[in-house]
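Visitor: 3D, please:
(chains A and B)
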Amino acid sequence: MAMSRDEIFEQVKEALVDALGLDDDDVTPEATLMGDLGAESIDFLDIVFRLEKAFEIKVPREELFPAEAVLNHPEFVSGGKVTAAGLAELKAKMPHTDLSGFEADPDVNKIADLFTVDAIVNFVETKVNG
Amino acid sequence: MRWIWIDKFLEFESGKRAVALKNVTLAEEHLHDHFPGFPMMPECLMIEAMAQTAGILVGEARGFAEKVVLAKIKKAAFHHYVRPGDTITLHAEMESIAPEAASTIGEIRRGDELIAQISLMFSHVDKNLAGKKFPEENFVFTDMFNSLLTGFVETHPDAELSR
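Guide: Okay, the predicted model is just below:
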């Protein structure tokens, strides 16, 4: 059964509130998981487990958070910046993420800012509604 | 986890659930200070007992091939004190398991009485800290765990654990 975007957002919010010990108000579509919401690496797995349960979907970790694989590839990073090839790879692997701002200054340290609540909602939407 | 903080398993269903037992005794020296005149089991050590129960459940599910470490306490709620002379049971249930990690939910009981609810996350460290080198031998699961699981798990004895 198709779910509305608002319904998906509410359930994603619940998963994030429980996984990260947040208040409801903290979870906005623009909030970044690491910078704004304080997620650490193990929290990502916690979030994945909670999303799988809440939406009855399978979430391969590298699909939702593929940036790690890109960063570890020598061709995709040069001088602290993601290369053109790396950006192409990110775009292909992260269709649920808005990369327009990142492209202007593809600093590897800013890659964490790509993980927003909105990106998760987008991802779940494609999984749930196909 | 070479320090064993549970006395024995009562039930063990591979990959699903485990029940362990711990007797609490005034012979545990920390109880003399926690607290003088009112000894009670420190709550952090209740978490440790659950971490060992659930950690062995998680480790056994992958044939003790992974180095399983406690990564996150998702929930810890304590409802009653545990005193010397008490016998507590630790009920752990596998919630999710993936190549990189596992999550468990659990309860500590004294008889039928609910003492605590403790939900945990474990990391399979080799899969999560890419590039960091760990010793090849599994320093988490040592021979001592053999005796705890004897009679419950048929597949592991000697072969897996003592490697």
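
Visitor: show the end-to-end separation of stretch B:94-103, please.
Guide: End-to-end distance for stretch B:94-103, by Cα to Cα, to the nearest Å: 6 Å.

Visitor: now that stretch: buried residues?
Guide: B:94-98, B:100-103 (16 or more other Cβ atoms under 10 Å in any protein chain shown). Any C-beta I mention is one placed from the backbone N, CA and C, and that applies to glycine too.

Visitor: near chain A, which residues of chain B show up?
Guide: Within chain B, the positions adjacent to chain A are B:71-72, B:74, B:95-96, B:98, B:100-101, B:103, B:121, B:123, B:128, B:130 by Cβ under 8 Å from any Cβ of the partner chain.

Visitor: turn those residues into CSV, including pLDDT.
Guide: Output for those, formatted as CSV (pLDDT from 0 to 100):
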residue, pLDDT
B:Ala71, 95
B:Lys72, 96
B:Lys74, 96
B:Glu95, 97
B:Ser96, 95
B:Ala98, 92
B:Glu100, 89
B:Ala101, 93
B:Ser103, 97
B:Met121, 97
B:Ser123, 94
B:Asn128, 70
B:Ala130, 57
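
Visitor: among these, which pair sits farthest apart?
Guide: Greatest spacing in the residues of chain B next to chain A, by Cβ to Cβ: B:Glu95 and B:Ala130 (24.8 Å).

Visitor: just the closest of the residues of chain B next to chain A to A:Pro60, please.
Guide: B:Ala98 (9.0 Å).

Visitor: so what's B:Gly151 up against?
Guide: If a contact means Cβ atoms under 8 Å, 6 or more residues apart in numbering or on different chains, then B:Gly151 has no contacts.

Visitor: please apply the same query to B:Leu149.
Guide: Contacts of B:Leu149 by Cβ under 8 Å, 6+ apart are B:9, B:12, B:56, B:60, B:156.

Visitor: over to it: give its phi and psi.
Guide: The phi/psi pair for B:Leu149 (degrees, to the nearest 10) reads phi -100, psi 0.

Visitor: out of the contacts of B:Leu149, which sit inside helices?
Guide: If you go by DSSP state H, the contacts of B:Leu149 have B:56, B:60 in helices.

Visitor: let me have the contacts of B:Leu149 in JSON lines, extended by pLDDT and neighbour count.
Guide: As requested, the contacts of B:Leu149 are exported to JSON lines (pLDDT from 0 to 100; neighbours: other Cβ atoms under 10 Å in any protein chain shown):
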{"residue": "B:Phe9", "pLDDT": "96", "neighbour count": "20"}
{"residue": "B:Phe12", "pLDDT": "96", "neighbour count": "20"}
{"residue": "B:Ile56", "pLDDT": "95", "neighbour count": "26"}
{"residue": "B:Glu60", "pLDDT": "94", "neighbour count": "23"}
{"residue": "B:His156", "pLDDT": "47", "neighbour count": "20"}
